[in-house]
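J.: take a look and give me a structure for this.
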Amino acid sequence: MVRLTIRRLGAAGMQRREIVTILAALAQTAVLLAHGPTSSSALAAVNPVPSWLTYTRPAAYQAVVIDGVQVPLRDSSYLSCDLYRPGTSTSSPVAGRFPGVVYQYHGYGTNRAEVDPPQLKFLAEHGYNALQCSVRGVGGSPGTIDIVGPQEASDGYDIVEWLATQPWSNGQIGMVGYSYGAITAYLVAALRPPHLRTIVSQASYEDLYLDIAHLGGVRGADVRGWLLALLESLNTVGTPPQQQVEIEQQGVLTDTEWGNHLLDDSYWQRYAIDFSAIKQSGMPILAFGGWYDIYQRGMPAAYQQLPKQTWLVMQNVSHVDSPSFYGTASGPTLAWLDHWLMRLKSAPLPTAHVLSYEMPATGGHGWTASTSWPPPGVGSMRLQMNSDGTLSHNATQAGSTAYAVNPGDGMPSYWNIGDRPDSPEIIAWNTAREAQRVHFTTPVLQHDLVMTGAAQAQIEAAFSATDGILVARLSDVAPDGSVTLVGTGWAQASLSPDYKQTVPVIPGQPRFYNLEIWPSHWRFLAGHRLQISISSGDVPRIMPDAPLGTVTVYTGSGASSVAIPVL
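T.: Below you'll find the predicted structure:
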């Protein structure tokens, strides 16, 4: 291993010979880490876009639309669903039996008026019985919503089996879902309906607590907007006044409970995906994610739970633009369904178990293929946060730096707010903000360096208050000084590392805090620098809960550092 040695800076600054030594050593390290091993196990460029992502075949049918189908449930209730069947015309279903797809089983809005009819029509035209159902309490389905809870999973089991046992079904059923629908697909798969053969999950959490409700133990702000938005979809028309109140209170109470239930304890098991049950089924899974998605951590983590039966596709997308990228029910999803449900020999599987788009969008090497995520050959590069503001393999003398807490710190870019983090407007905003934060920066890279996975920041800090929040941002600094966000990590000072118990925070007493910086696949180009910044706010991703006061970050020998996974 090549280590970068940096001598402690004297009052007169760094001498030319020392600078040359540092840059030469960094160049050697970057060459080894950026290019990695040359074996077939390393990431292989597969530019242009893999042909599997552009799979197509002609439509063979017309779509027959049957609105308001009441699919019976085991407790004698029902879900209101729309059914799309292959037809010889828009009014005459084709005789025979076809595979089926439960598509977008979620709690948003009414059925056809608001939820993906083009994709349902597409599936029917290509020979699938497509069923879209609203969960209880939404879109004509009676009852009270149970947001991603056991009732929705149980009902999902029932609609899969209903679709499988119809006289026009061949019993081969898949589930396809995006966001809420992706989560319910995993939840239903864990119950192992006898006729469910595969799922396609596009942007799901792996762990509700960590992925959206409490980021690093910190209350997530986005979950509140998500839950409150669901209230607009609740079906209270025609229900008794008391039931209307109960339905609305369910959404409000869930919002309050999720936000205020701070510990990662048995409470969250109600919403957990049982990956062990899915593993026992051996069910093949196609998992789509985005490197700017709300579930930037969730989809790679879900893959890691089931690596032998999951094909992961990580793309250059955010949450709101991801459906348009793959069309949800076209291209790769059609190839997947054709392979597992229709058993078409012409329908290929992905070229590798992991297809990942290497970021940034301009400068990265585009699509890559690997046998796993993180890919084989990944090592850990530990960098010290030094007292002189450098980020280096070698530590300077121990020291510290302090900053005033700004709970409202953040950037106006998130999955549903503003532009992407790599848009010019957001880069300009972030560059100005980064200058106000405590930050640590590497020397200029002489060669490309590729990050593949989640970085781990270990920050030694002390708070002037009896609690606090730490936010660590990993960024890419371009030669012109502009700063692009790569990934973020969070920590609530008063929680244990496993988030299962509270820990007293003694003002002025330093302690180490571990922050997982969400994963990325990012190429830091030659001429660029890596930067870690520390603050206590990240609006609109987390609630502005950090107590006012100061935070002291300890630097140099034996203090704060970050480990970055590099290929």
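J.: mind checking how far P86 is from K121?
T.: 11 Å (CB to CB, to the nearest Å). All C-beta spots, glycine's among them, are computed from the backbone N, C-alpha and C.
J.: ugh, wrong one, Q458
T.: 52 Å.
J.: which one of those two is surrounded by more residues?
T.: Taking neighbours as other CB atoms under 10 Å, Q458 and K121 compare with K121 leading, 19 against 16.
J.: wait, the more buried one sits on Y84?
T.: Yes. If you go by CB atoms under 8 Å, K121 and Y84 touch, sitting 6.1 Å apart.
J.: which residues do these two both contact?
T.: Contact criterion CB atoms under 8 Å, 6 or more residues apart in numbering; residues shared by K121 and Y84: 63, 65.
J.: mind listing the shared neighbours of P86 and K121?
T.: With CB under 8 Å, 6+ apart as the test, P86 and K121 both reach A63.
J.: what stretches of the stretch 151-300 of the chain score poorly on pLDDT?
T.: 228-229, 232, 235-255 (pLDDT under 70).
J.: give me the element the closest residue to V562 other than its chain neighbours is part of.
T.: Spatial nearest neighbour of V562, excluding adjacent residues (CB to CB, 6 or more residues apart in numbering): A457 at 4.5 Å. Assigned by DSSP states H and E, A457 belongs to strand 449-463.
J.: counting by contacts, list what that strand packs against.
T.: With contacts taken as 3 or more CB pairs under 8 Å, 6 or more residues apart in numbering; DSSP states H and E, strand 449-463 sits against helix 16-35, strand 469-477, strand 483-492, strand 511-524, strand 529-535, strand 550-555, strand 561-566.
J.: who's in contact with P300?
T.: Applying CB under 8 Å, 6+ apart, the residues near P300 are 289, 312, 314, 373, 519.
J.: in three-state terms, label it for me.
T.: helix (DSSP: H, G, I helix; E, B strand; the rest coil).
J.: state the distance from it to W52.
T.: Counting by CB to CB, the gap from P300 to W52 is 19 Å.
J.: and if you look at G527?
T.: 34 Å.
J.: ok, A491 next?
T.: 39 Å.
J.: outline the domain layout of this protein.
T.: Residue ranges for the domains of the chain, per automatic domain parsing: 16-35+378-566, 51-206+274-370, 208-272.
J.: helices along the stretch 151-300 of the chain, start to end?
T.: Applying DSSP state H, counting those that start in this stretch to the stretch 151-300 of the chain gives helices spanning 180-191, 208, 222-231, 241-260, 275-281, 298-305.
J.: could you list the buried residues of stretch 193-213?
T.: Buried positions in stretch 193-213, judged by neighbour count with 16 or more other CB atoms under 10 Å: 193, 195-213.
J.: and the end-to-end length of it?
T.: Terminal residues of stretch 193-213 are spaced 29 Å apart (CA to CA, to the nearest Å).
J.: so A124 is in which element?
T.: Assigned by DSSP H and E, A124 falls in helix 117-125.
J.: now for that helix, which elements pack on it?
T.: With 3+ CB pairs under 8 Å, 6+ apart as the test, helix 117-125 has strand 62-72, strand 78-87, strand 98-103, strand 129-133 packed against it.
J.: got the CA coordinates for the longest one in CSV?
T.: Output for strand 62-72, consisting of C-alpha atoms alone and laid out as CSV, is shown next (Å, rounded to 0.1, in the frame of the first residue of the first chain):
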residue,chain,number,x,y,z
GLN,A,62,-55.4,-3.9,-27.9
ALA,A,63,-56.2,-3.0,-24.3
VAL,A,64,-59.6,-3.8,-22.9
VAL,A,65,-60.2,-1.6,-19.9
ILE,A,66,-62.5,-2.7,-17.1
ASP,A,67,-62.9,0.0,-14.4
GLY,A,68,-63.9,-0.4,-10.8
VAL,A,69,-63.4,-4.1,-10.4
GLN,A,70,-64.0,-5.1,-6.7
VAL,A,71,-61.3,-7.7,-5.9
PRO,A,72,-62.4,-9.7,-2.8
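J.: mind listing what that strand pairs with, with the direction of each?
T.: strand 78-87 (antiparallel) (DSSP bridges).
J.: how about the CA coordinates for the strand it pairs with, as CSV?
T.: The C-alpha trace of strand 78-87 is given here as CSV (Å, rounded to 0.1, in the frame of the first residue of the first chain):
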residue,chain,number,x,y,z
TYR,A,78,-62.5,-5.6,-1.2
LEU,A,79,-60.1,-3.3,-3.1
SER,A,80,-61.2,-1.1,-6.0
CYS,A,81,-59.1,-2.0,-9.0
ASP,A,82,-58.8,-1.3,-12.7
LEU,A,83,-58.1,-4.3,-15.0
TYR,A,84,-56.5,-4.1,-18.4
ARG,A,85,-56.7,-7.3,-20.5
PRO,A,86,-55.3,-8.2,-24.0
GLY,A,87,-58.0,-7.8,-26.6
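J.: between strand 129-133 and that strand, find me the angle.
T.: With axes from the mean of the first three to the mean of the last three CA atoms, to 10 degrees as the basis, strand 78-87 and strand 129-133 are set at 160 degrees to each other.
J.: how about low-confidence regions in this structure?
T.: Those would be 1-47, 109-116, 228-229, 232, 235-255, 321-330, 414-418, if you go by pLDDT under 70 across the chain.
J.: for H439, helix, strand, or coil?
T.: The three-state label given to H439 by three-state DSSP is strand.
J.: show me what contacts it?
T.: 389, 531-534.
J.: I'd like those as a markdown table, with neighbour count appended.
T.: Below are the contacts of H439 laid out as a markdown table (neighbours: other CB atoms under 10 Å):
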| residue | neighbour count |
| --- | --- |
| G389 | 14 |
| Q531 | 22 |
| I532 | 26 |
| S533 | 23 |
| I534 | 22 |
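J.: ok, of the residues you listed, which one's closest to G140?
T.: Nearest to G140 out of the contacts of H439 is S533 (CB to CB; 48.8 Å).
J.: so who does that closest one touch?
T.: 434, 437-440, 472-473, 475.
J.: nearest to K279, of those residues?
T.: Of all the contacts of S533, the one with the least separation from K279 (CB to CB) is A472, at 32.6 Å.
J.: relative to S560, how far out is the closest one?
T.: Taken as CB to CB, the span from A472 to S560 is 9 Å.
J.: overlap in contacts of the two?
T.: By CB under 8 Å, 6+ apart, the residues touching both A472 and S560 are 457, 459.
J.: tell me if I'm right that K500 and L263 touch.
T.: Yes. Here K500 lies in contact with L263, judged by CB under 8 Å, at a distance of 5.9 Å.
J.: quick revisit: so which of the helices and strands packed on helix 117-125 is nearest L187?
T.: Among the helices and strands packed on helix 117-125, the nearest to L187 by CB to CB is strand 98-103 (12.3 Å).
J.: against T88, how distant is Q531?
T.: Taking CB to CB, one finds Q531 at 62 Å from T88.
J.: correction: M381
T.: Per CB to CB, M381 is found 62 Å from T88.
J.: if we can go back for a sec, using CSV, lay out the contacts of S533 together with distance to N129.
T.: Output for those, formatted as CSV (distance: CB to CB, whole Å):
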residue, distance to N129
E434, 52
R437, 54
V438, 57
H439, 55
F440, 57
A472, 48
R473, 47
S475, 48
